[in-house]
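> Just to be clear, the model below is a prediction. Sequence and coordinates:
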Amino acid sequence: MIESLALDAPKTRLLAARLKDLKLENVLILLEAPDEKLALASRNLHGVSVLPVASVDPRSLLSHDHVLATVAAVRMLEERLS
């Protein structure tokens, strides 16, 4: 879990650097709401997907080795599954 994954600009290299710092590859990033900057930054990274909690499904969870979620996204997911 991470508090926030906001990017200053929709740049692939910014997201790649952040994921490298976290030592994550083949990762699903779960957010509480759609984030255009993250979506644009992730589209050129192989094995990286960004989804809002409302769009998460079992197939997207199983197709990635890691899941990185914001605290708010985890709370929303807990509410959705309870």
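Perfect, thanks for sending it. This one's a predicted model, so the numbers in the text were calculated from it and none came from an experiment. Numbering: from 1, shown residues only.
> buried sites along the strand or helix carrying residue 16?
Here residue 16 sits within helix 12-21, counting by DSSP states H and E. Using 16 or more other CB atoms under 10 Å as the test for burial, helix 12-21 gives 15, 18-19. Just so you know, the C-beta spots here come from the backbone N, C-alpha and C atoms, and that holds for glycine as well.
> Please apply the same query to stretch 63-72.
Buried-residue list, stretch 63-72, by 16+ other CB under 10 Å: 64, 67-70, 72.
> how about a markdown table for the residues you listed, with pLDDT and distance to residue 31 added?
Below are those laid out as a markdown table (pLDDT from 0 to 100; distance: CB to CB, whole Å):
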| residue | pLDDT | distance to residue 31 |
| --- | --- | --- |
| 64 | 97 | 14 |
| 67 | 96 | 12 |
| 68 | 96 | 10 |
| 69 | 95 | 8 |
| 70 | 94 | 6 |
| 72 | 94 | 8 |
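> Quick one: those residues as TSV, columns for distance to residue 28 and secondary structure too.
Below are the buried residues of stretch 63-72 laid out as TSV (distance: CB to CB, whole Å; DSSP: H, G, I helix; E, B strand; the rest coil):
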residue	distance to residue 28	secondary structure
64	4	coil
67	5	strand
68	7	strand
69	8	strand
70	12	strand
72	16	helix
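> For the residues you listed, work out which two are farthest apart.
Largest separation among the buried residues of stretch 63-72 by CB to CB: 64 and 72, giving 19.8 Å.
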